[in-house]
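J.: coords please:
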Amino acid sequence: MLCILSAMTVASCTKYDNPPPVFEELKDLTTNQRKVMVISIDGLGGTSLEKIAPPQIMALQKNSKFAYNTLKTETGAAGWASMLTGTGYAKHKISNDDFEADQNDDNHQHENITSYRNVLDYVTQYRSVKTAIVTPWEDLRNFVKIADFAPVVSNDVQVKDSTLNILNQSRALGTIIVNFKDVEKAGENGGFNEGNANFKNAVLKTDEYVGNIVNAIKGRENYEKEDWLIIITTNHGGGADETDFGFTMAYNPAFQEFKLQKSGFNPVRFDNKTGRATFHDETGRFDVGENKSFTVQMDVKFNNVPGGYSSFFGKSTNLSGQNITGWQWAHYPGGKWVVTVGGTLNGGSGKQEVSSEEAPGTGVWRNLIMTVEYVNSSTRTLSMYMDGKFQKSINISARKSLNIGEDLRVGHRAGDNDVAGSFSPANLVYYNTALSASTITNNYGLKDLTKHPNYADIIGYWPMDEGTGGMYFGGYPGTPNMSLSGSYVWLNMGDSYPSASAVMPVTSSLSIPTNATDIAALTLYWMNIEILADFGMDGNPYLENFEIEFLKD
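T.: Just a heads-up that it's a prediction; the model follows:
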């Protein structure tokens, strides 16, 4: 163990203009030894790649599993951290260019920040091969540390030349990561799209470099005894701080062409006390105070009737006896949907509950809506609706302010002593007004929120249909992302759609949305390294679904 730990602190640092190094070689490699090349073209979005269609990359597509809508990452550094560790931002907490984990805010100051190992660290531990990273980004090079070869380069030409040098001289090379930056620089001056001539030319020049590298792999002395997986991807599409959808192309000569995409409806299932999605409301946009009106709606599919009180959504403290501050939704043992409010910490009365007239049932999607309308100092009405139909209302004015510095949360609340139910959420919408009963009824099942009469009053919208990763992305301008944590499962529900979701055709029994976290998982899979639970990886090694194409008897 001491040897491994010492090895993790060493990084090779060869200046670009030094004489070509002589790399240490291992013994003769076995036939068809697997190897991985990851090429990231920073800043190149999937839409731009598809429209520009650079010839070298496009030539690889016919033998690739590919996607042009790989999920967004929070920042450029966050995308690289996800690619290298196989974990999403909710875990690695890296968003700044120094690759230092963000510190917890005051609301989470007692939570530990976990450091996750990078993929080259695992390759070095489990396989007797050499590893390399070639990037002009010094902070990224320092973040990886463990690579056997990490030449110091300052531009994309040097990245290409150093990569060719390593490929030509190191037969022991097993995994190499290559980073091109010129496309991102070009996009920052004129836009990240094909209409910017500088951006388009940078894409085509980088594509030329990719062709040079692929040819160098095929020209290796021992190529016939090697089995290369070449992954071309990006840490993010668009600018470093305003990211867009990326792309992923996993190439091997034995692969059949397959477009990786989400098929059918793909929500999360929560069924334990640890799994949840949260957003810490630092701006106060979801503070409802004592006199604000608001509406919250969410599609929910319950999988069972819980054996006890089961909170599944809200912005509140724990319910302890009669003490609670804020509001929360729960599923009760009798099968009813229950809303609980209180203002204990704000000088108001404690627990007040209201239950739906109808039970939402199990195994079916239900559209649940709560409105809170402030009328005057003595009347603040909370009303419940299910599938567009009114259920019940109560006056909550005696609770006074419902403000509480807690996260907006979907899933079981951390610390609650009640039971965890099993459910899937979708289409969470938050309006900064109380919708009228007629508006709710007339717009039940509306699939295009832009057509809603109160569209301008939306301050938060999350479709919750990403199908992969550790984040619910905001689906409305300015909506913050919600971080997923704990234990949860992404499902493929096929054509089982909630009422508010636009129904898309089920294109395949395989629903494979792509994420930056997949890169580390695919690398370990191809290197025949078992991905253990304690790695904490979120990525999907989806090539295992296609083994009939490349595993030979």
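J.: For the helix or strand harbouring Thr131, which helices and strands make contact with it?
T.: Take DSSP states H and E as the rule and Thr131 turns out to sit in strand 130-134. Counting contacts by 3 or more CB pairs under 8 Å, 6 or more residues apart in numbering; DSSP states H and E, the secondary-structure elements packed against strand 130-134 are helix 119-126, helix 138-144, helix 156-169, strand 173-180. The C-beta positions use only the backbone N, C-alpha and C, and glycine is treated the same way.
J.: ok, residues contacting the first one?
T.: It stands for helix 119-126. 4, 7-8, 84-86, 129, 131, 133, 144, 146-148, 174-175, 177, 519-520, 523-524, 527, 529, 535 (CB atoms under 8 Å, 6 or more residues apart in numbering).
J.: could you redo the last one with a cut-off of 6 Å?
T.: With CB atoms under 6 Å, 6 or more residues apart in numbering as the test, helix 119-126 has contacts from 84, 131, 144, 146-147, 175, 520, 523-524, 527, 529.
J.: contacting residues for Ile166?
T.: 132, 149.
J.: measure it to Ala216 for me?
T.: 9 Å (CB to CB, to the nearest Å).
J.: Which residues are in contact with Ser154?
T.: Pro136.
J.: And for Asp207, the neighbour number?
T.: In terms of burial, Asp207 registers 24 neighbours under the definition other CB atoms under 10 Å.
J.: On the three-state scheme, it is what?
T.: Recorded secondary structure, Asp207: helix (DSSP: H, G, I helix; E, B strand; the rest coil).
J.: quick one: it and Met58 touch, right?
T.: No: the pair Asp207 / Met58 is not scored as a contact, 8.5 Å apart, by CB atoms under 6 Å.
J.: tell me the contacts of Val419?
T.: 306-308, 310.
J.: nope, Leu428 is what I was after
T.: Leu428 sits next to 298, 462 when contact means CB under 6 Å, 6+ apart.
J.: can you do 7 Å?
T.: The contact partners of Leu428, taken as CB atoms under 7 Å, 6 or more residues apart in numbering, are 298, 410, 462, 464.
J.: Kindly report the same for Thr381.
T.: Residues in contact with Thr381, defined by CB under 7 Å, 6+ apart, are 373, 375, 393, 395.
J.: May I see those organised as a markdown table, with secondary structure and distance to Lys91 added?
T.: What follows is the contacts of Thr381, written out as a markdown table (DSSP: H, G, I helix; E, B strand; the rest coil; distance: CB to CB, whole Å):
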| residue | secondary structure | distance to Lys91 |
| --- | --- | --- |
| Glu373 | strand | 40 |
| Val375 | strand | 45 |
| Ser393 | strand | 41 |
| Asn395 | strand | 43 |
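J.: ok, and the most crowded of those?
T.: Neighbour count (other CB under 10 Å) singles out Glu373 as the most crowded of these, with 18 neighbours.
J.: Look at it and report its pLDDT.
T.: Glu373 is assigned a pLDDT of 98 by the prediction.
J.: isn't it right up against Asn291?
T.: No: no contact is recorded between Glu373 and Asn291 when judged using CB atoms under 7 Å, the distance being 10.5 Å.
J.: tell me, what's touching these two both at once?
T.: Common contacts of Glu373 and Asn291, defined by CB under 7 Å, 6+ apart, are absent altogether.
J.: Please report phi then psi for the closest residue to Asn545 other than its chain neighbours.
T.: Closest residue to Asn545 apart from its sequence neighbours, by CB to CB, 6 or more residues apart in numbering: Leu510 at 5.8 Å. Note on Leu510: backbone dihedrals following degrees, to the nearest 10 are phi -100, psi 110.
J.: Which residues are in contact with Thr439?
T.: Listed by CB under 7 Å, 6+ apart, the contact set of Thr439 reads 453-454.
J.: circling back to that earlier point, restricted to buried residues, select the contacts of Val419 in ChimeraX.
T.: When burial is assessed using 16 or more other CB atoms under 10 Å, the buried subset of the contacts of Val419 is captured in ChimeraX by this command:
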select :306,310
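J.: Mark which of the contacts of Val419 are part of strands, please.
T.: Secondary structure from DSSP state E places Ser310 of the contacts of Val419 in strands.
J.: Which of the contacts of Val419 lies at the shortest distance from Tyr444?
T.: Compare each of these with Tyr444 using CB to CB and the shortest gap goes to Ser310, at 25.1 Å.
J.: list the contacts for the closest one?
T.: Taking CB under 7 Å, 6+ apart as the test, what Ser310 contacts is 330-331, 418-421.
J.: okay if I get those as TSV plus pLDDT?
T.: Compiled in TSV, those are given as follows (pLDDT from 0 to 100):
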residue	pLDDT
Ala330	96
His331	97
Asp418	87
Val419	92
Ala420	92
Gly421	92
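J.: Are any of these buried, and if so which?
T.: For the contacts of Ser310, a burial check counting by 16+ other CB under 10 Å picks out 330-331, 418, 420-421.
J.: The residue sitting furthest away from the middle of the chain: what's it in contact with?
T.: Largest separation from the mean C-alpha position in the chain: Ser378, at 44.3 Å (CA atoms, centre = their mean). If you count contacts by CB under 7 Å, 6+ apart, Ser378 has them with Ser397.
J.: and it, what are its phi and psi?
T.: Listed backbone geometry of Ser378 is phi -110, psi 0, with angles given as degrees, to the nearest 10.
J.: What of Thr278?
T.: Backbone geometry at Thr278, expressed as degrees, to the nearest 10, gives phi -140, psi 150.
J.: quick one: it from Tyr472, how far?
T.: Between Thr278 and Tyr472 the distance is 10 Å, computed by CB to CB.
J.: Give the residues shared as contacts by those two.
T.: Once CB under 7 Å, 6+ apart is applied, the residues that Thr278 and Tyr472 both contact turn out to be Met482.
J.: between the two, who's got more neighbours?
T.: More neighbours surround Tyr472 than the other of Thr278 and Tyr472, with 26 against 23 (other CB under 10 Å).
J.: Okay, and the beta partners of that one?
T.: Partner residues in beta bridges with Tyr472: Met482, with DSSP bridges as the criterion.
J.: can you check Lys389 too?
T.: Listed beta-bridge partners, Lys389: Met386 (assigned using DSSP bridges).
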